Every structure is written in C-alpha cells, then in structure tokens.
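Enquirer: got a sequence here, can you build the structure:
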Amino acid sequence: MTIDKSLKIRAGLARSRSVLTRGERIARLKTMDRFEEGDSPFGLPKVAVPKLAMKKKKKKKEEEETTETDAKEETSAS
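Expert: The predicted structure follows:
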C-alpha cells in the first residue's frame, strides 16, 4: 500500500514557520531579558518570528568571475 501525497514528508518545510514553540519563545525572551528562571511558562508575551532572507549566490559567482577576468586582463596588458 502506498502513502498518499499529502501525507508524505518532504525535506522539511518549504516555507518558514509562523509560530515558535514554547521553548523557542522562552529562549528568545531570555536573550531579551524578559523572562527569568522561576517565571511561569504560561501566558508568555508575544515574540516576533525571525524572518530569514535567502542570500543570492549568483551575484557572488558573478563577482568572482569579474575579478578573475579583470586579473587576467591586467596580466595580459602588462
């Protein structure tokens, strides 16, 4: 018997999560000095979810190629 497509687990999430787990929220609050040991883990204040921006690798490759071609042109011009 095969597994339905909707139930298959692909390589993690394709998008970022919109909520943090309680442990993640407590860790973030500790770094902001808004949570101390002994405080109740219930009724925690809201914590913004960090948004990660993907860096473009193509620009980096293009910059390396331009510096290499510039270096070659300088050596051949000398």
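
Enquirer: shaky segments in this structure?
Expert: Scanning the chain for pLDDT under 70 picks out the ranges 10-14, 54-78.

Enquirer: show me where it has helices.
Expert: Assigned by DSSP state H, the chain shows helices spanning 22-31, 57-77.

Enquirer: in the shortest one, what's buried?
Expert: Which is helix 22-31. Within helix 22-31, the residues that count as buried by 16 or more other Cβ atoms under 10 Å are 25, 26, 28, 29. Heads up, the C-betas are built off the backbone N, CA and C, glycines and all.

Enquirer: the residues you listed: which two are farthest apart?
Expert: 26 and 28 (7.4 Å; Cβ to Cβ).

Enquirer: what sits against the closest residue to residue 52 other than its chain neighbours?
Expert: In space, and not counting its chain neighbours, residue 52 is closest to residue 16: 6.5 Å by Cβ to Cβ, 6 or more residues apart in numbering. Residue 16 makes contact with 49, 51, 52 under the criterion Cβ atoms under 8 Å, 6 or more residues apart in numbering.

Enquirer: same thing with residue 17?
Expert: So residue 17 contacts residue 49 (Cβ under 8 Å, 6+ apart).

Enquirer: residue 26 touches residue 44, doesn't it?
Expert: Yes - the criterion here is Cβ atoms under 8 Å, and residue 26 meets it with residue 44 at 7.1 Å.

Enquirer: any shared contact partners between these two?
Expert: Joint contacts of residue 26 and residue 44 (Cβ under 8 Å, 6+ apart) are residue 35.

Enquirer: now tell me what touches stretch 25-45 from outside.
Expert: 20, 22, 47.

Enquirer: how near is the last one to residue 15?
Expert: This means residue 47. Using Cβ to Cβ, to the nearest Å, one obtains 19 Å as the distance from residue 47 to residue 15.

Enquirer: do the second one as well
Expert: Applying Cβ to Cβ, one obtains 21 Å for the distance of residue 22 from residue 15.

Enquirer: pull out the buried residues from the contacts of residue 16.
Expert: For the contacts of residue 16, buried by 16+ other Cβ under 10 Å: none.
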